[in-house]
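A.B. asks: below is the sequence, then the predicted model.
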Amino acid sequence: MEVQAITKNVKMSPQKMREVVRQIQGLPALRAQAVLAVVPRKSARFVAKTLKSAIANAEDQARVQKVAQFDPENLRVLSAVAGAATTIKRFRPKARGSAGPILKRNCHIKIVLSDE
């Protein structure tokens, strides 16, 4: 059984998010939660929230399919991806009347769990 959770339009660049997402790739879900709890980065909180949602989705899916023995300890992080979302463009005044662009990047986080 594969389940996923997606968090969209997180106000952080995908490059910063990928550094945290790579740390939990392939880990058991509960161990990944423990790893994210001690990572001192803002992006770790967003990834932990998405992972918690994916675990809850797995429990709900098991209840709907009437799986007799569901154990969250068997879940593994099959894939964790941070992709680019829409970029907000702003401009800052520069010398001699010109304008310099400011790119405020956003990202989507997708975590897929599997019990196999």
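C.D. replies: Great, that's in hand.
A.B. asks: which phi and psi does Ile88 have?
C.D. replies: Per-residue torsions, Ile88: phi -90, psi 130 (degrees, to the nearest 10).
A.B. asks: what residues are up against it?
C.D. replies: Contact analysis of Ile88 by Cβ atoms under 8 Å, 6 or more residues apart in numbering lists 103-104, 106. Heads up, the C-betas are built off the backbone N, CA and C, glycines and all.
A.B. asks: could you identify which of these has the most neighbours?
C.D. replies: For the contacts of Ile88, the largest neighbour count, defined by other Cβ atoms under 10 Å, is 17 neighbours, found at Asn106.
A.B. asks: nearest to Glu116 among the contacts of Ile88?
C.D. replies: Distances from Glu116 to the contacts of Ile88, taken as Cβ to Cβ, are shortest for Asn106 (32.5 Å).
A.B. asks: ok, back up a step: possible to save the contacts of Ile88 as TSV with distance to Ile55, secondary structure and pLDDT?
C.D. replies: Output for these, formatted as TSV (distance: Cβ to Cβ, whole Å; DSSP: H, G, I helix; E, B strand; the rest coil; pLDDT from 0 to 100):
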residue	distance to Ile55	secondary structure	pLDDT
Leu103	34	strand	97
Lys104	31	strand	97
Asn106	24	coil	97
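A.B. asks: closest to Gln23 out of the residues you listed?
C.D. replies: Distances from Gln23 to the contacts of Ile88, taken by Cβ to Cβ, are shortest for Asn106, at 21.2 Å.
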